[in-house]
Structure formats: structure tokens, C-alpha cells
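Participant: After the sequence you'll find the predicted model.
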Amino acid sequence: MNITTTIATMTSREIAELTGKEHKHVLTDIRNMLSELGEDGPEFRRIYLDSMNRQQTEFALNRELTETLLTGYSAVLRRKVIARWRELEGQQAPSIPQTMAQALRLAADQAEQIEAQQAQLAIAAPKAEFVDHYVDSTGLKGFRQVAKLLNIKEPTLRQFLSDSQIMYQLGGEWTAYQCHIDAGRFTVKAGASDTGHAYNSAKFTPKGIAWLAGLIASKAATSALLG
């Protein structure tokens, strides 16, 4: 019976934290290294959400690649990273399937994990590009504008917001749930029509659009896997 051991990895963000370098500089170092090695494949890249809920890229390296990267760093920095590697490897325990069913389940789990990572990369890339482009804006947007930015139909967007319990209709007007208003994803603007009828209009904030883009990308990846 085969013994499956989880391979430990260290992310570029953790390397940046340990070495005191900016993450963008560590990313550059890793890209240059992988390019020279001819190993710049998608299996090393992962998507994560930053503090502004934007999708960003990081690298996950095995020990060999991490040590290769560290050859250009100082002895002090190499020592910090190597010490952390000892901790990571100490946490790794071999997983030994006890039955055929467990072995099949383990193989299926690993296949699903790989498919999920690939789907996330494929679907999140255009969304991440959109978020990075838009997040510097300070304007508010309505349904039609947001649907156009996200490249989806307006009725589809409204249905998604309703199904996800983000917004609901009240008196013919679309209203955001209070928790999303409190989170700064929406703002409510009061106005009046030409006939004097007062109304409230919910507008998407830049923060809300960035958050929504990430949520749609995540659910799209899940749907792709389940499909």
C-alpha cells in the first residue's frame, strides 16, 4: 500500500515576512529564478485576498526551490527561512490509508484540489485584473455600470445579489442588507423624481465592487467544479 505524504511548501508572503523584504520584490526574485530554471508553471502560483479583498498572486515553493532562491540572500536571512522550514517539516505527518476506500478517497481529494486550484487561476485572473484597475476609483456605481464592469447581464447580477442575500427588493426599490451597508460595500442616496416622489437609491462603492468581483469569481470556480 502506498504511503502519501503531504509536501510542505512556503509561500512568497511568508518568505517576505521572514526576510523583511517587500512581497513584490520577493515575487520578482521568484519569477526570475523560475524563468532561469525553466519551471515557471502555474502549479507554483496561488490566489489570495489581500486586506482590501482584492485577489492577488503569491507563489508556493517547495524546500528545494526555496533554498535555491535563498542563495542570493544574506546568511542571516537564509538562517531565518531554514529555521522556519524545520518547523514546517516537523508538522508534516504521513497519511497512511488503512482501507481501499480510504486510498480511493485520498486520491479523489488530491485530484479535486488540483482541479480547484486550476479553476481558481483560470477564473480569477480576469476578475483580479478588473479589481486592480478599478480599486483606485472613488466613484459610486449603479446596477448597469457594475454589470458592465463585471461583464455580466444586469438581470443576472440582480438575481445573484438576491440569491446571495446581499440585496432585496422593498417597495419596488433594491435595498442592500444593513450588514453590507455597514461594511462599506453600499451607500444609500436619497432623491426625488420629477413628480416629487421621494426615493432611496443604493449605490455600489469601490470597496463593494471589489468585494463583489471576488465573490463572483469564487462562486464561479465552485460551480465549475461541481458542474
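Facilitator: Nice, thanks for sending it over. Residues are numbered from 1 along each chain as shown.
Participant: So the chain: which segments form each domain?
Facilitator: The chain breaks down into these domains under automatic domain parsing: 1-101, 134-226.
Participant: now the strands for the protein?
Facilitator: Taking DSSP state E as the criterion, the chain carries its strands at 10-11, 45-49, 55-61, 167-170, 173-176, 186-192, 198-204.
Participant: Which strands or helices does the last one pack on?
Facilitator: Counting contacts by 3 or more C-beta pairs under 8 Å, 6 or more residues apart in numbering; DSSP states H and E, strand 198-204 is packed against strand 173-176, strand 186-192. In this view, the C-beta of every residue, glycine as well, is placed from N, C-alpha and C.
Participant: picking up where we left off before, which among the strands of the chain is found nearest to E87?
Facilitator: For those, proximity to E87 was assessed by C-beta to C-beta; strand 10-11 is nearest, at 10.3 Å.
Participant: mean confidence for the closest one?
Facilitator: Strand 10-11 comes out with an average pLDDT of 88.
Participant: likewise stretch 185-203?
Facilitator: In this model, stretch 185-203 has a mean pLDDT of 68.
Participant: Now do the end-to-end distance for that stretch.
Facilitator: 9 Å (C-alpha to C-alpha, to the nearest Å).
Participant: quick one: least confident helix or strand in this protein?
Facilitator: helix 100-134 (a mean of 56; mean pLDDT, DSSP states H and E).
Participant: quick revisit: could the strands of the chain be laid out in CSV, adding mean neighbour count and distance to N151?
Facilitator: Converted to CSV, those look like this (neighbours: other C-beta atoms under 10 Å; distance: least, C-beta to C-beta, whole Å):
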stretch, mean neighbour count, distance to N151
strand 10-11, 18, 30
strand 45-49, 17, 19
strand 55-61, 19, 16
strand 167-170, 13, 20
strand 173-176, 17, 20
strand 186-192, 12, 21
strand 198-204, 16, 15
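Participant: And the residue nearest to T19 when sequence neighbours are not counted, how far from L161?
Facilitator: Leaving aside its sequence neighbours, T19 sits nearest to L77 (C-beta to C-beta, 6 or more residues apart in numbering; 4.4 Å). In this view, L77 and L161 are 47 Å apart by C-beta to C-beta, to the nearest Å.
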